[in-house]
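1. How does the following fold in three dimensions:
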Amino acid sequence: MKTQYSYQNQFLIAMPRLMDSVFSQTLTYICAHDPQGAMGVIINRPLNLKLGDILRSIQTVNLQPNPSWDLPLYFGGPVNPESGFVLHQPMAQQWKASTPLSKELTLTTSEDIINAMAEGKGPERVILSLGFANWGAGQLEQEIAENSWLTSACDTHIMFDIAPKDRWQAAVHLLGVHDLYALSDQVGHA
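-> Numbers count the residues shown, from 1 in each chain. Down below sits the predicted model:
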């Protein structure tokens, strides 16, 4: 199946009927989408870890804690849960492995950004995740057609300023829907 439309830089909103333990009530930011598939990061599932917890366990240098150390780590998805992904607003600072996703967001996967954050020199508005979500060719389109997901434009206010537990519902409101549970989960054609 050839992709006619890219969902890159969009929110993927889990429908209530999606009861999968990994994706139930998730809000996922789609980082990449092309004919080969899609990749995204779940942005509303904080783990019981903060950046400082990780830094304390891996740092050999005695650094002084700073506000970045209190940033929560998120479950970004079931693929490569041992790998870190940093969604952040662009900075003048360049990182070794960064991919611009839009004018407002960059995805960085290199350790240099974590080192900068450890020293209080990294981006201020970030989502730190472990793992990511992945869909094969045509899989995301099929799941959307089956009414497992809704999509909306990305809103960085929701990503960075809304509490994680409220992000899913806030994204639903972007669509003008107040009660997602009231929507039909039946797929139909006019």
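2. Could you use CA atoms for every contact and neighbour count after this?
-> Noted.
3. Which residues are in contact with Glu72?
-> I think there's a mix-up here, since residue 72 is Pro and not Glu. 46-51, 127-128 (C-alpha atoms under 8 Å, 6 or more residues apart in numbering).
4. do the same with Trp149
-> Applying C-alpha under 8 Å, 6+ apart, the residues near Trp149 are 12-15, 143.
5. top helix in this structure by residue count?
-> Identified as the longest helix of the chain according to DSSP state H is helix 164-174.
6. Can you pull out the residues in contact with it?
-> Helix 164-174 is touched from outside by 11, 13, 25-27, 43-46, 152, 158-159, 178, 180, with contacts defined as C-alpha under 8 Å, 6+ apart.
7. Mind doing that once more with 7 Å?
-> The contact list for helix 164-174 (C-alpha atoms under 7 Å, 6 or more residues apart in numbering) reads 13, 25-27, 44-45, 158, 180.
8. Next: stretch 30-46.
-> 2-3, 6-12, 26-29, 72-77, 101, 132-138, 159, 164-165, 167.
9. residue ranges with poor pLDDT in the protein?
-> Within the chain, the stretches with pLDDT under 70 are 1-4, 59-62, 182-190.
10. Let's check: the centremost residue of it is which one?
-> Val41 (3.0 Å; C-alpha atoms, centre = their mean).
11. That residue pairs with what?
-> Tyr29 (DSSP bridges).
12. Which member of the contacts of Trp149 is positioned nearest Ser110?
-> Leu12 (25.1 Å; C-alpha to C-alpha).
13. Doesn't the closest one belong to a strand?
-> Yes. With DSSP: H, G, I helix; E, B strand; the rest coil as the criterion, Leu12 is part of a strand.
14. got a list of what it touches?
-> So Leu12 contacts 27-30, 149-152 (C-alpha under 7 Å, 6+ apart).
15. Please name the bridge partners of it.
-> Bridge pairing for Leu12 - DSSP bridges - gives Thr28, Thr151.
16. any idea how far it is from Val22?
-> 14 Å (C-alpha to C-alpha, to the nearest Å).
17. swap in Pro67?
-> Where Val22 is concerned, Pro67 sits at a distance of 30 Å (C-alpha to C-alpha).
18. do Pro100 as well
-> According to C-alpha to C-alpha, Pro100 and Val22 sit 27 Å apart.
19. what do you get for Glu146?
-> Using C-alpha to C-alpha, Glu146 is found at 18 Å from Val22.
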